Every structure is written in structure tokens, then in C-alpha cells.
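S.K.: Next input, structure requested:
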Amino acid sequence: MTKRQCFAWIEMLFSGCGPTKARGLRSPTFKIQRLLLFLTRHRFREKNQPTDQFTISERREISPSICIQRKTPAKMLPPELQPRLFRPHISSTSSSSEQASSSPNYSPHMSPASTRSFIDRRTSGATSRSSNSRFSPSSFAYNGRIALALVPCAAFLLDLGGAPVIATLTVGLLISYIVDSLDVKFGAFLGIWMSLITAQIAFFFSSSLLSSFNSLPLGLLAAFLCAETTFLIGCWTSLQFKWLQLENPSIVVALERLLFACAPFTASSLFAWATISAVGMSSSSYYFLVFACVFYWLFAIPRVSSFKTKQEAKYLGGEIPEDNYILGSLESSFLSLNLMFMPLLFHVASHYSVMFSSAASVSDLLLLFFVPFLFQLYASTRGGLWWVTKDSRQLQSIRIVNGAVALVVIVICLEIRVVFRSFGKYIQVPPPLNYLLVTTTMLGGAAGAGASVLGMISSGLSSAFFTALAVIVSSAGAIVVGFPLLFTPLPAVAGLYFARFFTKKSVPSYFAFVALGSLMVIWFVMHNYWDLNIWLAGMFLKSFCKLIVANIIIAMVIPGLVLLPSKFHFLAEAGMVAHALLLCYIEDRFFNYSTIYHYGMEDDVMYPSYMVISTTLIGLAVVRRLFADHRIGSKAVWILTCLYSSKLAMLFLSSKSVVWVSAALLLAVSPPLLLYKEKSKSASKMKPWQGYAHALVVAISVWFCRETIFDALQWWNGRPPSDGLLLGFCIVLIGLACIPIVALHFSHVLSAKRSLVLVVATGCMFILMQPPMPMTWSYHSEMIKAARQSADDISIYGFMASKPTWPSWLLIVALLLILAAATSLIPIKYVVELRAFYSVAMGLALGVYISAEFFLQAAVLHALIVVTMVCASVFVIFTHFPSASSTKLLPWVFALLVALFPVTYLLEGQVRIKNDLGDNAAWGWDAREEDKKVTAMLAIEGARTSLLGLYAAIFMLIALLIKFELTSLLREKVSEKSGQSKTQGGASGMFPTRTRLMQQRRATSIQSFAIEKMSEEGAAWMPAVGNVATIVCFAICLILNIHISGGSSQAIFFLAPILLLLNQDSDLLSGFGDKQRYFPVTLAISTYLALSSLYVVWEEVWFGGNTGWGVEIGGREWFFAVKNLALLILTAPGHIIFNRYVWSYSTKNSDPSPMLTLPLSFAAVVITDVFQVRLLGVLGIVYSVAQYVISRQQHIKGLRYI
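M.R.: Modelled structure (predicted):
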């Protein structure tokens, strides 16, 4: 900054930027302070922070109170730490001055008139850029809320769409994931949107919305709702892309607002739809009401945008400006209208024929309007009505007046709809006094609760009114339920103590209220239920009443225990745990023992599922609040969370003990997640012995859950599971339950991860193999025995021949050995003797398994198959981990393996024929043994096909292994060469042309160097062995193609890539290198299709006509042969040219030969009658175009390089 500009800024500082600012700068001392602050900041910025490091928003940011452009970042001096005079305040005047002063064309020497005209020219874009200036890229902060709303909706839509939608979405998301892993962010973004659009189109075709609703408007409305949900899911996904925030900040803010504005409409509708589909239409409007209230609370309460700067969200003494809210006044008003009117309109649309049929129906209408209206007034205490008025007194008066009206209407409607209809038998007062007392009790209680929520009980007079109201309400309630008039002072005193506790926070008063209230509860239960002789939920009603009374008393005591000093918090924890245990026991009895016996009459009594869900959610919410207020400890939170969550298992499994086994399993699994949460973030929060102890507890708890797992598997399969399947699921469950221990506390211990993988893999193998279990290993409880001894199994499932399953143990042992070696639990890499024993054991296990499982009838060949597998195992293991003498012996092992292939293949047929059909010259077949002949030939053919598949897999494995080893060797050679080139960097800088030439020639010389190195190490046989294995594997696959598919032409495109495993060696393929690796593939495809075309023409000519080879010249067969052979010859030039090009990759850019073959190939495609010739023509066209494009790209790159 020059001196002239500095004086201009000082002049502006003392003159002010407007009348308001000028009046605030009258004091000379104040002006000097401002000047010194400005000069200090400017000098500090010039010395320490370059201007070019600031973002655009920071360059535009100024301090409007002094009209100086501020270039310091916000983190240097946060606004909340500045004096109030220095806190930024955004206004129209200041924003215009910001834009004027931050413009590069602005000059401090402008006259006031020119300055005003310049500001006027910039004012038109002020509104659009003001939001961008406040934009702060960050992660979306409300993923939890959106997930709570949209994830269940997405699951419901997937259930409606079925398999087509799931398959379409899975494929699309997989493609998007692959594109994102390739760091193509826009491609991943576009892929996700295309996946959602395609899935939505599949949903329209696969779902039956129109037929389900039997109404075209309703079906179209439902389809629009589903499409809107898909669109919102796409918007939510788009917010996760960071680059979208940086490139399009306005779009990100709009998407956030769109989600918060539309999610309550969509989520409440779909949640209600799913609930109605499950439970029916009886109380559908109230379900909709509950969901509307929940999502209004989640989204309509004012929230600060995730993409607003934190500094601007905390200025003006903590008051947040309206611009930083996600939703504006228009969206908030629409959400309020949705909350208040949509449940009512839904009830009118679904119950219009009976909505005025009775007083209860009219009460439903009033409740569906005034309950959400009252909830809206309560939400206004959290800012729900910020868009109505900003005057707190006016808003409080709105709450009081409208809340009083809503409370009166709701109380009257509840009396009509619930109290007198469902609990009329407990009201012991005759009319009309009963109406008066019930109204007094309910309305007085509601009024007191509303006053406490609104904070109206603060003065002595209001406390006196609240005390009188509590006494009146408690006395009236006691009279209503028939409490003796002689003891009426007892509930009055209880109400007095409760009011005293509420107004003066007196803990002794609360315990006095609990004592008196407990007496009243005991009297009520004994007066109404004690004398009933009913067998309820598996026990007498008296016993059940004792449990309920105990649970109620504990629930009343807990609030008082919570208010005790911190040293007595263990009492509150004990009370909470006891209450949770009693609640689990009572609900388990109600839900799982739902039959009531009364004098020999049976009736089903259903404990509704929503009660289980409600008590669970309320309990978890109370636990979370008490823990946040430091009223209970982490151990109590752990126990209570597991107990409350275990109740949800009753909704899915019908086992009598499902609650307790689920609680035991959760208590065993959850400690790593809950008990160690507050400790430091070190590498291991647990000690090793604690980890072992937790794992042991997990295993014991899973064993305790075995009957529940058995029930779940029986429900899933429709029949009792086998012992192997049950054991496999138990092992998998143990492994999955130990994942939090390893992932959170022992993530740095490699052996723990390997052991966990081994346990899970063992369980998966037991599930897949289901091996037979010895009787001493299996546990058969009475329940399992009863399930497996059903007399209906044979009549339902039929008689199933038993197959020996003992070989599955061998496969499990082999796979476990592979996993143990892969995870280094067995150190075969370092001990040669152990490696030899390991390879032989692997080969024996796999050989015996394959022989017993697939070649059970050919007992003679078992020895050959076992020897083959042992040779393959030894070759693979010692090739990957060679020893000093293995390089000399492995070629002989491979030779033995190759020799065993034809011997085993030929002996299979001969031995089977001799054993089954006798030893005759003509094999002894006659007419009476025709069926035996066919069966034997089919068995021989199947066994030989299995042998071909086995040897193809073995040779493929050997070829892959050798290719991997050679590639690793070449990579090491490249790294050595690159290291040498780095050491010679000084010399290469002097001769750049020579260095380039050496780099070009290095790629061709590396393979020859690698072959020389292998020759020195005695492993020069590896490329030749790999080539032999590749060629044999390819030949076997061609034979299998002929046997299985009849020589399909399309199969060559899947089989030819096997030839990519060929290597350069010193004998067979000496001139073959990495540059020619695609030549065998293209040559094999062209040759196979050409030979297949000749065979098809010969077959058609030889067997197609009645006169043999077409005796008459010019006949149909002769014309067919000549035409298709000529067309086959026309396709040859294109394939020959392309194969030559693939071998050398050298052609002139002006060579027109590839394009000249296009008409020849096109003629073959159009005219030929043979599919293989047509396929050759299509490939010729593709080859010509590909050669032209690749050659042109190489030519362009060469020109750029020059």
C-alpha cells in the first residue's frame, strides 16, 4: 500500500461511510484507536500473511463499522472474541460498500458521486453474491436426521419394487463405486443419479401400484411419492460430494433446503403407508399424526445451515440471523400447515362415510387438528414459530391463549373417546358428577403441565396457584376411582407434597409423595384386581399384580433418587436396572404368553407391538438424558441399553427366552462399544487379558443362545437345521461379535485380525459344507429333539437318500490350512520341512475329498487323483516359496503331473467299462443290457468331463502362479534399473537424448535380463513350464467347450484370454515379449472362428443334401459352399493385417490397408449364411477401425513428443 492510498483510507476512516457511522466516530480518542488498530493489522498482514493465500470470500470480507477492507482470515480474530463494536453485521448498506471496496476497479480517490454510482452499478449482483460470501465448504452436518427419514423409506421402496429394482440399483452402485475408486468424481456423481433413475424406471414396471390402489389418481399419486423419495435420496447423496460444494456452492445450499423442506412430507407419508400395510386402517390417521409430529420436530425446528461460516452464525451476542437458517419463513409455514391439516385431511379422505356418525368420530376430527396444533405451540418454545413474530411477549401470549383453547378441546375429546369409553368401569361416581370430576382432574393436570412447560410457575403467587391445583386434581382423581371419602385427605396431602417438590425442589417432599402415592396404587390394584381368579400370561393375576405394583413404585422412586447427591447415584442406577428387568419380564410374559384362562374359557390377548417399541424408545431416551446430565454412569448405561434393546427381539422371534438370550448376547458384545468410550484414544483401550475375557464371554453367550439360533434357522429354512449348520452359525456369530473388540481396541495387533478372519472363515465353511457332527460334539436339548422328531418330515419332504458327508471335513481342513498359511499362523515360509509336510497334507486332503465326492465309483483311480493333487500342491507351494533344491525337482514334478493327465483320462473309461460291463471283445453288450450300456456311457462321459475340469483348473493355477512370479521378478528388475538411473542423474542431465533412447530400449531388454537371472538361479524352466501349462489348459477348455456346449463360437471370447498367461522363454517363444502379449488372443479367435466356419460349411454340404457331396455342379450345396468359402476368404485380409499389427504395433499412418478391408468384411456380414463367417466379418470391421484409431493416436503422440 502506498502512502497516498494510506492517507485516503485514513480520510475515509475519520469521515465515516455514512451518517450513522460518522456519528459513531466523533471522539478523537476513539478515532486514534481505530487508526492504530488498522495500521497494526495492515503491517501484520504485510509481514506474515501474503494476500494471494486468501480466498475470495476473505478478500471481500470487511469490517463495516469502520468501512475498512479486512484481509485477515476469520480465524485470526473470531467475531465472538471481538468487542461488540467490531463484530460484523451484515446489512444492505454494508454489503454494497463491501462489494465496492473489494472490487479491483475501486479507488479510494473516487469522488463521493462516483463512489455512489460505482456502488449502484454493483448493487444488482449483491443479493446473489452475498450468500456465496458466507458459504463455507464443510461436510453435511445432518446426515443422521436425513438417514432416519430416508433410509427406511428406501427399504420400503426396495420391498415394493422387488428383485428387478434391487438388481438394477446394485449394478449401478457397483459401477459408480468402481468409477469413484478411479478418482472420476463427476462420473461417480453421474453414475449414482443414473442408477437411481434406472431403478425408479424399473420400479414403475415391476411394482403394481395402480392395481393395488384400484384407483388411477391414487396410483399416480403414490408413484409420484415414490419418485420424489428417489429424488430426495439422490439430493442427499449429492451433498456428500465435496467437489460439488466447492464448484457449485449455491446448488449445495439449495439442495440442503430442499431436503429439509420436503423430507417431512415424504417421510411421514411413506412411514404411514408402511405402518398401515402392516397393521391395517383402524388407527391410520393417528399413525400419520405421530409420524408428522416426529418429522416436524426433526426438520422444522430452526437449524443453522451446514454450509454457513461458523463466525457469522455466532455474532450479535449469539443471536443467529435468519439468513443462516436452512429453512425460510415460506418453507416453515408450509411445514406447519402440513403438521396441522394433513392428518385431518387424511382422516376425512379415508373415513368420510363415518366421520359424523357418533360423538367419538367427531372427537377424532377435533383431536386430529388440536393435538398437532398443541404440539406446534410446544415446538414454538424451541423456535418453531420464529417466522410468525419476533416479539417474545407476543409469542408467549399466542402460546397461552391458543394452548388453553387446545387443551380444553383435547381434554373433552379424550374424555369422550378414551376415558368414558374404555375406562368407564373404573369410574365410581354417578353422573353428572363423574363428568365434572373427570374434567377437573384431566383439565387441571393438563393446565399444570402446560404452565410448567411454558415456565409460568416462577413467582410466589403462581406457586400457590399450582399447589392448590395439585391438591384439587389429586383429590378429584381419588374420588373418581372410588377412593374412600374417609381417606380423601391422603391424596390431597400427596398432591401438596408433589407441588412443594416441584416449586421448591425439596427431595424429602418428593419421597413423601412417593410413599402416599404408592399406598394409593396398592389400594387401586387390590380393589379392582386382587379377587379375580384369572390365569394371565402364564401365572396367576395376583402374582402379576405384584410385579406391576413393584414396577410402578420403582418408577416413582427413580426421579427422587436421581436428584440425590452424586455419591448416591448408585441408588438411581440400581433402581433403573431393577425397573428395566421387571419391565422386560412383564412385557416378555405379555407378548410371548398371550393366552388368558378364565374358568376354562380361552381368548387370545394381544400385547400390541407398538407398546414394546414405545417403551423401548422411551427407556433409551431417558437413559441418554440421565447420562448426559451425569446422573448415571457408563456401566449403568451399558446394562440399560442392552436390556431395553433386547426387548425388540420379541418382535422377530417367537422363542420364550428370546429376551434374556438377546440381553446376554448384547451384554457380551457391547462392552467394547459402551464401556470404554470415555477413555483416551490410544492404540489399545483394553488390556490383552480383558480382550481374551470379553471374547470368552462372547463365546459363552453365543452358546447360551443356541436354541434361539436354532429357532431362527428353522424359521428361515422351514425345517430343523443340521448340527453342522447350527455350529457354523454359532462360530460366525462369535467372530462377528468379536469384531468391535479387535477393530476398536486391538486394531494394531495383526495376530488378532488374523485370528478373527480364521474364526469367521471357519464358521462360513461349516455353513457351506455342513459336515456330520459326532454325537459327543452335538448338543440336543428337549426343544431340539422335539423339533427333529417330527413325524411329518417324510410325508412333507419325502424320502431323501443320504449322501456321505464326511469328505466335507477334508475340504474344511484344507481350507483352514490355506487360511492359516496365508495369515502366517503356520510359518511355512521359513521352515522347509514344515513346508514339505504342509504341501503333502494339503494334496492328500484335497485328493481324498475330490475322489470321495466326485469319483466315488471309480475306486481304482483314487490313487492317481491323490498323486495328482499331491504333485500339484507341492509344485504350487514350492514355486511360491522355493528352497535350495526345489528348483531342480519342480520340473520333474510338473512332468509327472502332465503325464498323469492322459493316463488318468484313459483309465477312467477303461476301468469303468471293465467293471460294469464285463471283459468282452465287443464289451459284451446285447439287447437286454441296453439300459446298462447307456447308463455306463453317461457315467463315463460325466467322469471324464469332471477329470478335464479338474486338470484344467490345476494347469490354470500353475500358469497363473508362474505368471505372477515372473511379473514380480520383472518388477524387481525395473526397480533395480530405476535405482541405477537415479544414481546416474547428473550424467543423464548432460545427455538427455541418449537417456531417452536408453529408456526406450530398457523395456525390451528387461525380459532378457530376467531370463538370464532365472538361468543363474536355476529357474529358467519357469517360462517354459508356464507356457506348457497355459497351452494345455487352453486345449482342455476347448475340449470342454465341445463336450458341454457343442463347440459354441461365443465361448472363444472367454477362452482366448487364457493365452495372456504365455511368457517369453528361451525355447518355445523366444521372440515373444510383453509387446506381443495380445497376439495369441487375436490369433486364437481368428483361427478358431475360421476353422469353425469351415466345419459348418463341410457339415452342411456333407449332411445337408440327399445326394452326398452335391453331385450336380451348381446345386444348392455347391452354391452354399462356394459362396460362404468365398466370403470367408474375403474376411481373411482384415484379420491377417490386424494380427500382424498386434505382433509389431508398427504401421505407417498413411497406410490405407486397414480401411480398404472394411468393404470386404461388410460384404461378408451382409451376404453370408454362416454365423461364424458373419462374426468374422464383424470382427474384421472392429479390427480395422481399432487399428486405424490406435495408429492415429500413436502418430499424434509421436508428433507431440517430437
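
S.K.: make it CA atoms for all contacts and neighbour counts henceforth
M.R.: Fine.

S.K.: so what's L536 bridging to?
M.R.: For L536, the beta-bridge partners are M539, I596 (DSSP bridges).

S.K.: what's the neighbour count on it?
M.R.: By the criterion of other CA atoms under 10 Å, L536 has 20 neighbours.

S.K.: how much space between it and A649?
M.R.: Distance from L536 to A649, counting by CA to CA, to the nearest Å: 22 Å.

S.K.: what's the helix or strand for the residue nearest to the spatial centre of the chain?
M.R.: Closest residue to the average C-alpha location of the chain: V151 at 9.8 Å, with CA atoms, centre = their mean. Using DSSP states H and E, V151 maps to helix 143-161.

S.K.: Helix, strand or coil: sort out the residue lying closest to I739 once chain neighbours are set aside for me.
M.R.: Leaving out its chain neighbours, the residue that sits closest to I739 by CA to CA, 6 or more residues apart in numbering is L756, at 7.5 Å. Three-state call for L756 (DSSP: H, G, I helix; E, B strand; the rest coil): helix.

S.K.: Any figure for the gap between L756 and E833?
M.R.: Applying CA to CA, the value for L756 to E833 is 28 Å.

S.K.: So for the two, which residue has more residues nearby?
M.R.: Taking neighbours as other CA under 10 Å, L756 and E833 compare with L756 leading, 19 against 10.

S.K.: Could you check how far the more buried one is from P771?
M.R.: 22 Å.

S.K.: that older thread, buried ones in the helix holding V151?
M.R.: Of the residues in helix 143-161, I146, A149, L150, C153, A154, F156, L157, L158, G161 count as buried by neighbour count, 16 or more other CA atoms under 10 Å.

S.K.: can you tell me the helix or strand for the residue nearest to F295 when sequence neighbours are not counted?
M.R.: Spatially, and ignoring its direct neighbours in sequence, F295 is nearest to P264 (5.2 Å; CA to CA, 6+ apart). Per DSSP H and E, P264 falls inside helix 249-279.

S.K.: Give the buried residues for that helix.
M.R.: For helix 249-279, the neighbour count (16+ other CA under 10 Å) marks 249-250, 252-253, 255-273, 276 as buried.

S.K.: now do stretch 1137-1145
M.R.: I1137, F1138, N1139, Y1141, V1142, W1143.

S.K.: Do I have it right that the first one meets M1155?
M.R.: Think I1137. No. Using CA atoms under 8 Å, I1137 makes no contact with M1155, being 10.6 Å away.

S.K.: What pLDDT is listed against G989?
M.R.: You'll see G989 listed with a pLDDT of 41.

S.K.: again with L366
M.R.: With respect to pLDDT, L366 scores 92.

S.K.: Distance of it relative to E331?
M.R.: Separation of L366 from E331 (CA to CA) stands at 26 Å.

S.K.: Also F544?
M.R.: Distance of F544 to E331, computed by CA to CA: 51 Å.

S.K.: all strands of this structure, in order?
M.R.: Assigned by DSSP state E, the chain shows strands spanning 62-63, 68-69, 535-536, 539-540, 595-598, 601-604.

S.K.: got a list of what A712 touches?
M.R.: Applying CA atoms under 8 Å, 6 or more residues apart in numbering, we find A712 in contact with L653.

S.K.: Please tell me how far it sits from G843.
M.R.: 38 Å.

S.K.: L1062 and P1080: what is the separation?
M.R.: L1062 sits 9 Å away from P1080, going by CA to CA.

S.K.: which of these two has more neighbours?
M.R.: Set L1062 next to P1080 and count neighbours by other CA under 10 Å: L1062 wins out with 27 against 21.

S.K.: That one contacts V1032, correct?
M.R.: No. Judged on CA under 8 Å, L1062 makes no contact with V1032 at a distance of 11.5 Å.

S.K.: What pLDDT is listed against L1055?
M.R.: Note for L1055: predicted pLDDT of 89.

S.K.: Also F341?
M.R.: For F341, pLDDT reads 93.

S.K.: V371 is in contact with that one, correct?
M.R.: No. Counting by CA under 8 Å, no contact exists between F341 and V371, whose distance comes to 10.9 Å.

S.K.: List the contacts of the nearest residue to S211 once chain neighbours are set aside.
M.R.: Nearest residue to S211, sequence neighbours excluded (CA to CA, 6+ apart): G219, at 7.8 Å. Shown in contact with G219 (CA under 8 Å, 6+ apart): L209, L210, S211, S212, F213.

S.K.: mind checking how far the nearest residue to the second one once chain neighbours are set aside is from L209?
M.R.: The spatial neighbour of L210 that comes closest, neighbours along the chain excluded (CA to CA, 6+ apart), is G219 at 4.5 Å. Taken as CA to CA, the spacing of G219 relative to L209 amounts to 5 Å.

S.K.: returning to what we had before: kindly supply the PyMOL command isolating those of the contacts of G219 that are buried.
M.R.: Here is the PyMOL command that picks out the buried ones among the contacts of G219, judged by 16+ other CA under 10 Å:
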select buried, resi 209+210
